[in-house]
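A.B. asks: I would like the atomic coordinates for the input below:
(2 chains)
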Number of protein chains: 2
Amino acid sequence: MEQMKQMEQEIVKSQLEHRTIREFKQEPISSDLFDLLLEVARRTPTSNGMQSSSILRITDPKIKQSIAEICNQEYVATAPELLIFIVDQHRNQAIALEKSVSQEYAADIDRFFQGYTDACITAQNILVAAETMGLGVVYLGSILNDSRRMCQLLKLPSLTFPVVGLGIGYPNQHPEKKPRMKQELRVFENQYRIFEHYLEEIKSYDEEMENYYDLRNANQRVDSFSDQIASRLSMVNANRQQMLDVVREQGFSAR
Amino acid sequence: MEQMKQMEQEIVKSQLEHRTIREFKQEPISSDLFDLLLEVARRTPTSNGMQSSSILRITDPKIKQSIAEICNQEYVATAPELLIFIVDQHRNQAIALEKSVSQEYAADIDRFFQGYTDACITAQNILVAAETMGLGVVYLGSILNDSRRMCQLLKLPSLTFPVVGLGIGYPNQHPEKKPRMKQELRVFENQYRIFEHYLEEIKSYDEEMENYYDLRNANQRVDSFSDQIASRLSMVNANRQQMLDVVREQGFSAR
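C.D. replies: Model prediction:
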């Protein structure tokens, strides 16, 4: 570790200090800074060099409000910047069509997943850049609460699909660092490791979580991790169960 | 921009300077440094706090060789570190089972995508940390050439699925920065923008790509972007078309 330069330590430190920010100052992000975030997006690794994801920057307050409703999270509408990352094979298919060559495999589920991966890693690359520059970020997986309405709202054409959103701005809150389960449960060597007694393995993590204060309910302790999991896996979001239907409606062969 | 501190500029600079590294020095990564990468993984944002992804660190040369064969890329076997990121709802389902509560929605496709997103953004977070520390990284989307064999090889239980791999080590090559298409084609405001003539829009990008030397074929120029796309969208990988079958075999309701 001693050979690490200070600069490098600072970078990783920023990654280790990640917190989700849900309340932002109403201070805009300068266009220079924002352009830099987009340049980071452009330089993000991309599967096969195909660049099969795109970004929608939401500036229209009405659309922001609609997305906040889909997400069922009011703070979405108040984020100074709201970005939606999408699978995008539409552009590549159009390029092949213009060249008058076959593009019959543009709709393969494989191409969908390439774009999905591209979209996710682009979002994370922007998140890291934003946080190192003092900005706060919230992931919005909840846009998938109604992926069909997201497609309509953003006029997403065939061979595109919404993946995840990011709200970005200067933080107006200081959340505690959220506890995480121990490494041993999530990193395995050569083959998957099944534990015999998970509740025992996460006992101290469960306790840690019960002592963690979530700013969303400032005066209330949160449930233990195992209680959170138990509750989440016994609930259903019928819309989200139908995700692949929307993937098909968008033209992909999700057989 | 002037208000950005030098440190911040350096971080983003590292992200802007990303190159894929496919040839590594046979110099191991120190365990301190490697542990730091795993800690970055642990602190990565995670959907609903559910931590539904895991990492397999491949150290067995035979398994590395088998993965190299699946990827159809020899250099995979020579990467000092090889990490496979997986969807993992197995652990959370086991936790709910131990608590003797219902876990009937653990297999929902929604939960699969949560884990898929978690796996991707964890990989990218590690990539950024690794590159800022002077390491080189290659993404291995090609593990999906045979996801069924990957599941067998890594003994992946129900409700898990391989997403993407990373090869990591000290770079033994200095590739040129790969050209990318212009921002305007990939970032839209409020709604998706369809262009009328993509070939015209990417004309200079196509030329730029033809002048780019790919180290994999050092003495040969690469195809223009539009030719690459045309060729890729007219080819099929039958195995990859069947990805959702393997997702189902792994126990998810991919209806």
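A.B. asks: which stretches of chain A form strands?
C.D. replies: Using DSSP state E, the strands assigned to chain A run over residues A:53-58, A:81-88, A:136-140, A:160-169, A:187-189.
A.B. asks: can I get those in a markdown table with mean pLDDT, mean neighbour count and distance to chain B?
C.D. replies: Every residue, glycine included, has its C-beta placed from N, CA and C. A markdown table is the format used below for the strands of chain A (pLDDT from 0 to 100; neighbours: other Cβ atoms under 10 Å in any protein chain shown; distance: least, Cβ to the nearest Cβ, whole Å):
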| stretch | mean pLDDT | mean neighbour count | distance to chain B |
| --- | --- | --- | --- |
| strand A:53-58 | 98 | 24 | 5 |
| strand A:81-88 | 98 | 25 | 8 |
| strand A:136-140 | 98 | 25 | 5 |
| strand A:160-169 | 98 | 25 | 6 |
| strand A:187-189 | 98 | 16 | 5 |
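A.B. asks: Can you pull the poorly scored residue ranges out of the stretch 101-250 of chain A?
C.D. replies: Scanning the stretch 101-250 of chain A for pLDDT under 70 picks out A:215-220.
A.B. asks: Could you count how many residues lie near the nearest residue to A:Asp146 once chain neighbours are set aside?
C.D. replies: Excluding the flanking residues, the one nearest A:Asp146 by Cβ to Cβ, 6 or more residues apart in numbering or on different chains is A:Ile70, at 4.8 Å. A:Ile70 is flanked by 22 other residues according to other Cβ atoms under 10 Å in any protein chain shown.
A.B. asks: correct me, but A:Ile70 touches A:Ser142?
C.D. replies: Yes: the criterion here is Cβ atoms under 8 Å, and A:Ile70 meets it with A:Ser142 at 7.2 Å.
A.B. asks: what touches both of the two?
C.D. replies: Taking Cβ atoms under 8 Å, 6 or more residues apart in numbering or on different chains as the contact rule, A:Ile70 and A:Ser142 have no neighbour in common.
A.B. asks: check contacts around the residue nearest to A:Asp146.
C.D. replies: Going by Cβ under 8 Å, 6+ apart, A:Ile70 touches A:142-143, A:145-146, A:149-150, A:153.
A.B. asks: swap the cut-off to 6 Å and go again
C.D. replies: A:Ile70 sits next to A:145-146, A:149 when contact means Cβ atoms under 6 Å, 6 or more residues apart in numbering or on different chains.
A.B. asks: now the longest helix anywhere in chain A, how far from the centre of its chain.
C.D. replies: When chain A is parsed with DSSP state H, its longest helix is helix A:109-132. Distance, stretch centre to chain centre, for helix A:109-132: 8 Å (Cα atoms, centre = their mean, to the nearest Å).
A.B. asks: between it and strand A:81-88, how big is the angle?
C.D. replies: 160 degrees (axes from the mean of the first three to the mean of the last three Cα atoms, to 10 degrees).
A.B. asks: which helices and strands does helix A:109-132 pack with?
C.D. replies: Contacts defined by 3 or more Cβ pairs under 6 Å, 6 or more residues apart in numbering or on different chains; DSSP states H and E place helix A:109-132 against helix A:31-42, strand A:53-58, strand A:81-88, strand A:160-169, helix B:6-16, helix B:109-132.
A.B. asks: re the thing from before, ok, the residue nearest to A:Asp146 to chain B distance?
C.D. replies: Remark: distance between A:Ile70 and chain B (Cβ to the nearest Cβ, to the nearest Å) = 14 Å.
A.B. asks: Could you do A:Pro28 as well?
C.D. replies: The gap separating A:Pro28 from chain B is 14 Å, by Cβ to the nearest Cβ.
A.B. asks: who are the neighbours in contact with that residue?
C.D. replies: Counting by Cβ under 6 Å, 6+ apart, A:Pro28 touches A:Pro80.
A.B. asks: any idea how far chain B is from A:Gln173?
C.D. replies: Counting by Cβ to the nearest Cβ, the gap from A:Gln173 to chain B is 16 Å.
A.B. asks: surely that residue meets A:Lys25?
C.D. replies: No: contact criterion Cβ atoms under 6 Å: A:Gln173 and A:Lys25 do not qualify, at 9.7 Å.
A.B. asks: more crowded one of the two?
C.D. replies: More crowded of A:Gln173 and A:Lys25, by other Cβ under 10 Å: A:Gln173, with 15 against 12.
A.B. asks: before we move on, the earlier item: so which of the strands of chain A is nearest B:Cys120?
C.D. replies: Closest to B:Cys120 of the strands of chain A, according to Cβ to Cβ: strand A:160-169, at 9.4 Å.
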